[in-house]
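*Asks:* The following block contains a protein sequence and its predicted model.
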Amino acid sequence: MRSRSSARYVPRRPSRHSVRLGCQIVRERDFKLVSEEIVELSEEGALVVPRFRLLTGENLLLTFMAPFTRTFIDAEAVVARVIHGRRLGDPGPSLGISITHMDSAAQALVKSQLTFLPLVAPRRRVLS
């Protein structure tokens, strides 16, 4: 058995929560509307349904209403992952976006509201 001192510390990822939220996500370079729906949300990112194909690394501007409130949240994000929807268990074509900047008050509000939403089960097996 390994002692705790020899084990590598791996920071936990924020939990993902299932949600259907209307939003407006636009590409920063030309302000073209990218998405109008968030399907999963975490403190650090979201899974969204895109209107057209994008590449990883594209900068985005995100606006959505915090769950269970009437407060709009504005954030800057980047496309972190493009999901083509071909693998078993994929939700269909979608984009994983990583939030790069959000006001600290907005971040606290989103974090507090996520506790009321159901968790998303991992789609892939975790290797140990």
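*Replies:* In hand now; what should we look at? None of the values given here were measured: they were computed from a predicted structure. Numbering: from 1, shown residues only.

*Asks:* Centre-most residue in the chain?
*Replies:* Ala46 (1.3 Å; Cα atoms, centre = their mean).

*Asks:* Could you find the closest non-adjacent residue to that residue?
*Replies:* Nearest non-adjacent residue to Ala46, counting by Cβ to Cβ, 6 or more residues apart in numbering: Ile38, 4.9 Å away. No exception for glycine: its C-beta is placed from N, CA and C like everyone else's.

*Asks:* got it, and Arg27?
*Replies:* Val34 (5.5 Å).

*Asks:* what are the pairing partners of the helix or strand containing that neighbour, and which direction each?
*Replies:* Per DSSP states H and E, Val34 falls inside strand 33-41. For strand 33-41, the paired strands and their directions (DSSP bridges) are strand 17-27 (antiparallel), strand 45-50 (antiparallel).

*Asks:* Which positions in the longest one come out as buried?
*Replies:* Pointing back at strand 17-27 there. Residues 17, 19, 21, 23, 25, 27 are the ones in strand 17-27 that count as buried (16 or more other Cβ atoms under 10 Å).

*Asks:* For burial, what's the neighbour tally of the closest residue to Glu44 other than its chain neighbours?
*Replies:* Once flanking residues are discounted, Glu44 sits nearest to Pro14: 5.1 Å by Cβ to Cβ, 6+ apart. Residues near Pro14, counting by other Cβ atoms under 10 Å, number 13.

*Asks:* Assign Pro14 to helix, strand or coil.
*Replies:* coil (DSSP: H, G, I helix; E, B strand; the rest coil).

*Asks:* Could you do Gly92 as well?
*Replies:* coil.

*Asks:* how close does it get to Ile83?
*Replies:* From Gly92 over to Ile83 the distance is 8 Å, taken as Cβ to Cβ, to the nearest Å.

*Asks:* State the distance from Phe68 to Arg53.
*Replies:* 32 Å.

*Asks:* Okay, now the unreliable bits of this structure?
*Replies:* The model of the chain has pLDDT under 70 over residues 1-7, 9-13, 89, 123-128.

*Asks:* try 80
*Replies:* Low-confidence segments of the chain (pLDDT under 80): 1-14, 85, 87-91, 121-128.

*Asks:* Nice, that's everything, thank you.
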